[in-house]
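J.: Sequence plus predicted model, see below.
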Amino acid sequence: MKYTRLEIPELILCEPMIHKDNRGFVYESFKKESFNSFVGFDVEFCQDNLLSSDYGVIRALHTNTLEYSQSKLVSVLDGKILDVAVDFRVGSPTYGKSISLELSSQNHKQLFIPRGFLHGFVVLSHKAVVNIKIDRYFAAGESIGVRYDDSLLGIDWKIDKKDSILSIADENLPLFSEVTSAFKYNENYY
């Protein structure tokens with residue numbers, strides 16, 4: 001597995017070494033020891049969530065309150081998405097900045113998003129099946145969300161707005177400036 005720190009260094013691109021032959025391919029999608037060694041702290045994933053969505057579905061931008069925030073490892077089992085992470089840590093030098101990456105079943109790339117980041121994605125293929133590993137269980141009533149199309153964030157979702165499909169809850173999320181982040185920047189948070 002090849003790991004690369006992105007422009008926001010806490011976000012990590014994970015790229016497996018793919019072994020192909022006439023039968024297909026095989027690769028390790030996660031190896032705890034090498035992953036934790038690169039990240040620099042122990043991430044104990046406790047649950048995998050599979051999401052199936054059609055073209056234009058936007059699931060964004062979400063996190064949980066500080067006590068219940070989650071680190072995530074996002075991969076695509078079928079199709080293609082644009083995966084987005086926004087730094088939500090007050091005081092961070094990259095606060096409010098985002099990273100967008102295309103993840104697909106063809107490129108096999110994964111994105112690690114640590115606690116303190118908003119996360120979302122849009123489906124760019126006809127359908128997509130997304131796998132998200134998380135390190136804390138969901139806690140009802142602890143969700144935080146921000147509008148995906150907030151002009152302050154300036155995220156290019158790579159689809160026409162008329163093609164976007166959102167939940168009613170996501171359509172009514174507040175703007176980034178209206179949400180007070182409980183996350184304070186601390187490089188030793190994890």
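T.: It's in. Everything numeric here is computed off the predicted structure, so don't read it as measured data.

J.: my read: residue 42 touches residue 71, true?
T.: No. When contacts are counted by C-beta atoms under 8 Å, residue 42 is not listed as touching residue 71 (10.5 Å). In short, each C-beta sits where N, CA and C put it, glycine included.

J.: Which one's more surrounded, these two?
T.: Comparing residue 42 with residue 71 by neighbour count (other C-beta atoms under 10 Å), the higher total belongs to residue 71, at 21 against 11.

J.: correct me, but the more buried one touches residue 116?
T.: No. Counting by C-beta under 8 Å, residue 71 does not reach residue 116; the two are 9.1 Å apart.

J.: So residue 164 sits against residue 123, correct?
T.: No. Using C-beta under 8 Å, residue 164 makes no contact with residue 123, being 10.1 Å away.

J.: Common neighbours of these two, please.
T.: Common contacts of residue 164 and residue 123 (C-beta atoms under 8 Å, 6 or more residues apart in numbering): residue 56.

J.: Tell me which of these two has more neighbours.
T.: Neighbour totals were compared for residue 164 and residue 123, and residue 123 leads with 25 against 16 (other C-beta under 10 Å).

J.: I'd like to know how far that one sits from residue 106.
T.: The gap separating residue 123 from residue 106 is 14 Å, by C-beta to C-beta, to the nearest Å.

J.: One more: residue 85?
T.: Taken as C-beta to C-beta, the span from residue 85 to residue 106 is 21 Å.

J.: so how far is stretch 73-89 from its chain's centroid?
T.: From the chain centre to the centre of stretch 73-89 is a distance of 4 Å (C-alpha atoms, centre = their mean, to the nearest Å).

J.: For that stretch, buried residues please.
T.: Residues of stretch 73-89 classed as buried: 73-76, 79-89 (neighbour count, 16 or more other C-beta atoms under 10 Å).

J.: now do stretch 164-171
T.: Buried positions in stretch 164-171, judged by neighbour count with 16+ other C-beta under 10 Å: 164, 166, 170.

J.: Could you do stretch 35-43 as well?
T.: 35, 39, 43.

J.: got those as TSV, with pLDDT columns?
T.: Shown next, in TSV, are those (pLDDT from 0 to 100):
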residue	pLDDT
35	94
39	93
43	94
